[in-house]
Every structure is written in structure tokens, then in C-alpha cells.
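In: Sequence first, predicted coordinates after that:
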Amino acid sequence: AYKRFSELLPKEERENACSARVPKSQILTLPELRANPFQHRICHVFSTSDTEDDSMSFEDFLDMLSVFSDSATSDIKSHYAFRIFDFDDDGTLDRKDLEQLVNCLTGQGEESRLSSAEMEQLIQNILEESDIDKDGTINLSEFQHVVSRSPDF
Amino acid sequence: RRDSQQADTEHLSRWEKWRRTSSKSLKKALGEVKGMSSYLILWRHDIRSIEGKFGTGIQSYFSFLRFLVLLNFIIFILMFSFVTLPTIISKYGMFNSTIAYISPKIIEHNCTIYKPSGNKGLIYFYTYLKDLLSGTGFLEVTSLFYGYYSIDALWISIMRYNFPLAYLLATFAYLALSFLWIIKRSVEGFKHNLVHDADPFQSYCNKVFAGWDFCITDPNAAQLKHRSLRSELQMDLDEEKQKQKIAERSTEEKLRIYSLRIFINIIVIAILSGCFYSIYKVTVFSQENSNVSIRNDTRTDLVNLLVQYLPSIVITLANFIGPLIFSFLIRFEDYTPAFEIKLTLLRCVFLRLANIGVLLFSLWSQISNCDSDKCKPCGYNYNHYPCWESDVGQEMYKLLIFDFIVILAMALFVDFPRKMLVTHCSCKLVQWFGDKEFEISDNVLEIIYGQTICWIGTFFSPLLPAIATVKYFIIFYVKKIVLIHTRKPAARPIRASSSNFFFLVVLLIGLLLAFVPLGVSIARIPSSKACGPFRNFNTSWEVVPDTILQFPTGLQQVLFGMASEAFAVPFFVI
């Protein structure tokens, strides 16, 4: 893992890779993240940078790898997934978050999005299935409840 | 978290520190061993790359293929070590072993005449080829078929090896092994399916929150995954709308649709019976005419070969045309799309497996063809079938070989030319024909059909699993090449968790179906008196009661107690 991280740094900074931070643009060149529609959210969630530039240190990199590995518990995975899906960082998944989530899943182009009627129906169904307290948003515990019964997560 | 852990370590005693470092290094070592042993898994890299490019549905097909290769290999090892190896050891007299031939109890000598024409003298080369393809001639007397194992007991140094019992027990062992292994594999899938099915209301959340496959690294594959997710979601929404529409149907419409469905089901049954009848007729024709030509030698070899392969050809045609007709008919029945797929699949599975059943049934009707008193002395038609188990083994062998040839031919002569046509010729007709998707269900049914033949045939032809192993090994590479070079990924991929379970369920159905003909052959039809290890018994099953009667009486009583109803039923249930 250390080797992968240091490959991302420009040559001059490789010696003190432990303390350096890799800018976001470099991280997105990783093959696993390149094709991932949630790449920006992933960088944002795992980055502990003070300057909000979504750069990642070696510690952040390790955190990311450990959460995505097969040995992470489902609790940890669902916790981080919730943070990744929460596009406006308000602690709940409301309609706008869900809409953005579905758009990420279906593709970036204009023709690959669902029609607004379909989107409405889909979001309605999702909220019906997962919103237990019927407040129109999904909070962390509802999300974890839904995900724990999902076999493909 | 790491900082807090480091702060903790400073407070611990030396003993605790040592324990912690040793457990860490142990975990690391175990991790490395696991990493190394994963290199030993067959085809690990190939399947991973397929998963990345084509998704987990198609990857599950290839892991299923790998599972079958392993299963067949283990079955082959089992049969080889208990059946073929002792035979070879004793026939060549190694390890100071001898064979005991017990003279048959039946005095009727006609039953025991069996002269396979093992190709003596000057033979043309193409006779060898013909024999290789049809299992007759020189191949009939080798250890491939049942007729080779005409031994009653083996003496290896001082021990007595009860060969007939070993043969029967090895058969039961490989059936039980396959059964247990399939059940073990499907238990994991079943648990997932149970959870998934128990809450059908959760399908949307599942698709949206867990829909993205994080193993995809190729941007092209990502595009396709986007497309597939979109079409899956759209399909679900469409299905929901259709369900609402169905709930709002008027009574008049319902009546119309139900009568249409009944009519179409009658057509389906008619097609199935047509298939079965034609297979029966063709098998009878093939058996009668291939026997005649051996005696008269008036037909040319090629025609003879064709006649011998006629049942396989008809079965393959039926397996090919049937599903096409079914998928055409089901459109008129107006079901929800998911149910349509399931029903078509069910009909195709039934068609393929029942075809094998009909073939075997027609073979038996020939073997027990007792008009004009041909069977009286031995219980079966000994004139035409002095060694009927070898004949059944030959039919299974021919089915297997023909299946293999058809798969190779389809890949070479249909898939590659089609792809070349589509890429190089831009006329509208060809483009409409289009690139084909990788039809997972068709391919899976194909290999399950082959595996069922292998299970049934191994009793009659102990080396058949080796042929099946090689066949599936080659098919893996053929399918992989066809997939990469000619297929576009499916627009509607099946999810891995449900498809694994589906494959194993259908495989289990095939295995249970294989039990039936084997059970009938072993227990009901009298075994050949001219060849094979069961010459001195009425049926093959009789070895078991015979051997038990030789045990001390105490053990006998225990075994009879176990076999009695009161014990066996709860045992099975558990």
C-alpha cells in the first residue's frame, strides 16, 4: 500500500511520503477510482485536510483501503457509504441526495438519466422501503438497517 | 484510532507486549499463506478479469464451470482408484495379485456369450476414427466401458478385494459426494436468497444503495454498468406499472387471457410430446439398424456412423429449437417480464433433462424387448445386447462427444463468422442481426445437460468423468475466447447472488434426475451375465444383501435395523 501511495506523489516529495499530502487530481488516477461514479465523494469523505481541497495523506489513504477491503465489518462500510451518499453533508439522505445518487448510478450523459416521472416513482419507492419514521429523509440508522438486509452490499 | 492504540501499548507489561507482537506477526504470516494459496486456485486471474469487464453475472457462469471441472476430476479420481486401478493392478499381476473368476451359477450358456469385435488384423485408419467416435470396436474392450471389468474378486497379497461391491459403492459414493458438495455450495446462496426474498419490498433500496460494483476498473465496463443499472431500474418501474395494470383487469379480459394461456400450454405439451416421441422412434431405429449393419456389413461406414449418432443429433436439435419456440410463444401469454423469464427457463430445463430420460427409457425398452420369448433365460434381450451396460455406456459416450463437438462447432462456425460479418459488412440486414449477448441461461443449461449425462454414464463407463473434465477444461477456454472477442455485455445482467443459487438448483435437479435411471438400472434390470462384475447376481443391487449376509449375525441385525423404515425415514429427513 505504501508503494502505491508513493507512486502517486511527484518525485521530489517521495522521501517523506509519510507526511505529504497527495492532491485530489492525482488520487483520481488510481484505476479503481477512475471508473467509479462516486470518486469525488470518496475523496471528500476520506480526506482530513484542513483546507477543504480534498487531498489525502498516507493515513487517509490507508483508511480508505481498509474500509473498502473485504475484512471491514458491514457496520464500518455502511457508515462510510452513508457519508459518501450524503451529497450535501447534512447528515441525512433527503430527496435531492437520492436524486443525485441515482443520476450518478445511471451515468453522466443527458440521455442516460431517468425521466423525471421515473425518478419520482423511484424515489417514492425508495423512501417507502427505507424511511421508517416517515420524515421524508433517510438517517444513518435507517440506512444501516436497509443495508444490513441487502445481500449484494 | 491508531493514536489511541499506540498510547495503550505504553502502559502494558512486557508479557502483554510480546503477546501482542507475536499475534500480529502470526496474523501477517497467515495472511501471506492465504495470499499464496489463492494462487493455487484454478483460473483465478482469468475469472477476475472477466468479472471486471463483463460483470458478476457472467463471472458466476465461469466459476460454475470451474466448479464442474473440479467435481468431475474428483469423481474420476474416486472411480479410478477404486475400480480401474485394482483391475489394472491385477490384470498385470503387480503386487502379487491374482484374479478370481467364479463360474456362473446359471448353466444357461447362451447368456454368457459375449464376443466384442476388438479389431484384429489389418484395419483401415478411419475404422479407428469411427470407433473413437462411436465407442465400438477397439474402444469397447478397453477400460472405458463396463465390459472390461468382468472380475469377481481380486486377491492382492493376502487381502480379498470384493470388486463388485467396490464398483457399486464407488457409484453411490460419487453420487453422494456430488449431492453433498452441491448442497454445501448452495447453502450460502440459499441464505442470501431467503433474506432477499423475504423482503421483496426492499428491491429498490438494494439496487440503489448496493448497485454499483466497486470492482470495475475499465471505463468501458463502467459505461455498460451505468447502462445496465438504468435499464434494470427502468424495468423494475415498468414491472410495477404492469402489476397495477394487471390488478385492474376486467373479468372479461381475465377470461380471455386465461383461455389463451391454457391453449398455449397445450401447445407446449404437444411440442414436448412430439420431441419425446421422435427421440423414442429414432433411438429404436438407431439401435436396430446399427446392429444389423454390424452383421451384414452392407452399409458404408459413414452412414453407419450417422445412424449411430442419430439420437444425439435429434436431441441436440430438440434442445436448440425448443427454447426458440418457447420464447416465441410466451409473448402471447402476457405475464410480467420476470415471470416470463422464469417460466421459459423452467420449460427449457424440463425439455433438456426429459430428453435424456426418454432416450434411456427407449434404450431399456429395447433391452427388455421380450417378444417371441427372447428374454427367458437371462431376463433381457441377450441376442442383441449380450453386454447391455456397455451399450448404454456407449450411448452416453456418444452423447457427450457429440455435445462437445456441437459446442466447438457453434463457436467456430456461428459465433466468429457472425462477428466478422457484423464488423465488416455495414448493410442494414446484418446490423439488425447484430452483436449477440452472452446468454447465461442457455450456456448454463448446456453444461448442466452435459453433467447429467456424465453422472448417468459413469456407472456404465467408469472413465467418463475424465473425458468430462477435459471437455469442460477446453470449453472454459473456448467460451472465454468467444466472450472476449465476439460478445457485447448484456444490457440486463443477472445479479451474482441469485444466479449462483439458480445454477446450483438446476444442477441439483439434474443430479436427482440422474438418480432415477441409475436406480432402475441397478435395482430392476437384470445385469448382464456375459460381462461385468455383476455376472453372478440377478441385479447389480444384489451384491449388497449378499455381502451383508456374510457378515456376523450381530452386525447383520444392526444393519437390518438401520434399513428398516422406522430408522431410515428420520435419517433421510435430517
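Out: Done, it's in.

In: Can you tell me how far the nearest residue in space to residue B:533 that is not next to it in sequence is from chain A?
Out: Nearest non-adjacent residue to residue B:533, counting by CB to CB, 6 or more residues apart in numbering or on different chains: residue B:164, 4.0 Å away. In this view, the C-beta of every residue, glycine as well, is placed from N, C-alpha and C. Using CB to the nearest CB, to the nearest Å, residue B:164 is found at 48 Å from chain A.

In: for residue B:510, same thing?
Out: 25 Å.

In: my guess is that residue meets residue B:450, correct?
Out: No - when contacts are counted by CB atoms under 8 Å, residue B:510 is not listed as touching residue B:450 (9.6 Å).

In: neighbour count winner among those two?
Out: The residue with more neighbours, out of residue B:510 and residue B:450, is residue B:510; 25 against 22, by other CB atoms under 10 Å in any protein chain shown.

In: Name the helix or strand for the more buried one, please.
Out: Residue B:510 belongs to helix B:496-523 when assigned by DSSP states H and E.

In: now for that helix, which elements pack on it?
Out: helix B:56-79, helix B:163-198, helix B:337-367, helix B:440-458 (3 or more CB pairs under 8 Å, 6 or more residues apart in numbering or on different chains; DSSP states H and E).

In: need these in JSON lines with mean pLDDT and distance to residue A:63, can you?
Out: What follows is these, written out as JSON lines (pLDDT from 0 to 100; distance: least, CB to CB, whole Å):
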{"stretch": "helix B:56-79", "mean pLDDT": "87", "distance to residue A:63": "26"}
{"stretch": "helix B:163-198", "mean pLDDT": "80", "distance to residue A:63": "29"}
{"stretch": "helix B:337-367", "mean pLDDT": "83", "distance to residue A:63": "40"}
{"stretch": "helix B:440-458", "mean pLDDT": "87", "distance to residue A:63": "37"}
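
In: which residues of chain A fall in helices?
Out: A:2-8, A:24-27, A:31-34, A:39-46, A:58-68, A:74-85, A:95-106, A:116-130, A:140-148 (DSSP state H).

In: Select from those helices the stretch with the lowest mean pLDDT.
Out: Here the helices of chain A differ in mean pLDDT, and the lowest is helix A:2-8 at a mean of 64.

In: and the gap between residue B:276 and residue B:368?
Out: Taking CB to CB, to the nearest Å as the measure, residue B:276 falls 19 Å from residue B:368.

In: quick one on the thing from earlier: does the residue nearest to residue B:533 really touch residue B:527, like I thought?
Out: No - Residue B:164 is not in contact with residue B:527 according to CB under 8 Å; the separation is 9.4 Å.

In: so what's in contact with the two at the same time?
Out: B:534, B:537, B:540 (CB atoms under 8 Å, 6 or more residues apart in numbering or on different chains).

In: Can I get these in JSON lines including pLDDT?
Out: Rendered in JSON lines, the data for these read as follows (pLDDT from 0 to 100):
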{"residue": "B:534", "pLDDT": "80"}
{"residue": "B:537", "pLDDT": "78"}
{"residue": "B:540", "pLDDT": "81"}
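
In: before we move on, the earlier item: mean confidence for the helix holding residue B:510?
Out: Helix B:496-523 shows a mean pLDDT of 81.

In: quick one: it to helix B:56-79, angle?
Out: 30 degrees (axes from the mean of the first three to the mean of the last three CA atoms, to 10 degrees).

In: what's the offset of helix B:496-523 from the middle of its chain?
Out: 8 Å (CA atoms, centre = their mean, to the nearest Å).

In: buried sites along that helix?
Out: Buried residues in helix B:496-523, counted by 16 or more other CB atoms under 10 Å in any protein chain shown: B:496-508, B:510-511, B:513-514, B:517-518, B:521-522.

In: Run the angle between it and helix B:440-458 for me.
Out: Using the same axes, to 10 degrees: helix B:496-523 against helix B:440-458 is 20 degrees.

In: The very next helix or strand once past helix B:496-523 - contacts with which helices or strands?
Out: Using DSSP H and E, the helix or strand that follows helix B:496-523 in sequence is helix B:543-549. Helices and strands touching helix B:543-549, by 3+ CB pairs under 8 Å, 6+ apart, are helix B:163-198, helix B:553-563.

In: As TSV, those helices with mean neighbour count would be great.
Out: Listed next are the helices and strands packed on helix B:543-549 as TSV, based on neighbours: other CB atoms under 10 Å in any protein chain shown:
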stretch	mean neighbour count
helix B:163-198	17
helix B:553-563	11
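
In: Those into TSV, with extra columns for distance to residue B:61?
Out: Shown next, in TSV, are these (distance: least, CB to CB, whole Å):
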stretch	distance to residue B:61
helix B:163-198	14
helix B:553-563	41
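
In: what pLDDT, on average, does the lengthiest helix in chain B get?
Out: In chain B, taking DSSP H as the definition, the longest helix is helix B:251-296. Averaged across helix B:251-296, pLDDT comes to 82.

In: Return the distance of it from the chain's centre.
Out: That offset, for helix B:251-296, works out to 23 Å (CA atoms, centre = their mean).

In: Mind giving me the packing neighbours of that helix?
Out: helix B:301-329, helix B:337-367.

In: Would you mind getting the angle between that helix and helix B:301-329?
Out: Interaxial angle of helix B:251-296 relative to helix B:301-329 (the same axes, to 10 degrees): 180 degrees.

In: excluding its backbone neighbours, what's nearest the residue positioned nearest the centre of chain A?
Out: By CA atoms, centre = their mean, chain A has its centre lying nearest to residue A:84, at 3.0 Å. By the measure of CB to CB, 6+ apart, the closest residue to residue A:84 outside its immediate chain neighbours is residue A:41, 4.6 Å from it.

In: Just give the number of residues close to the residue lying closest to residue A:85 once chain neighbours are set aside.
Out: Nearest non-adjacent residue to residue A:85, counting by CB to CB, 6+ apart: residue A:101, 5.5 Å away. Around residue A:101 there are 24 other residues, counting by other CB under 10 Å.

In: and residue A:101, what does it touch?
Out: So, once contact is read as CB under 8 Å, 6+ apart, residue A:101 ends up touching A:85, A:87, A:93, B:208.

In: Relative to residue B:288, which of those residues is nearest.
Out: residue B:208 (62.5 Å; CB to CB).

In: I'd say the closest one and residue A:104 touch.
Out: No - checked against CB under 8 Å, the pair residue B:208 and residue A:104 is beyond contact range at 10.1 Å.

In: More neighbours: the two, which one.
Out: The neighbour comparison of residue B:208 against residue A:104 (other CB under 10 Å) goes to residue B:208, with 23 against 20.

In: What residues does the more buried one make contact with?
Out: Applying CB under 8 Å, 6+ apart, the residues contacting residue B:208 are A:98, A:101-102, A:105, A:122, A:126, B:233.

In: and with 6 Å instead?
Out: By CB atoms under 6 Å, 6 or more residues apart in numbering or on different chains, the residues touching residue B:208 are residue A:126.

In: And it, how close does it get to residue A:59?
Out: 31 Å.

In: Residue B:531: neighbouring residues, count only.
Out: What residue B:531 shows, counting by other CB under 10 Å, is a neighbour count of 23.

In: same thing with residue B:386?
Out: Residue B:386: 23 neighbours (other CB under 10 Å).
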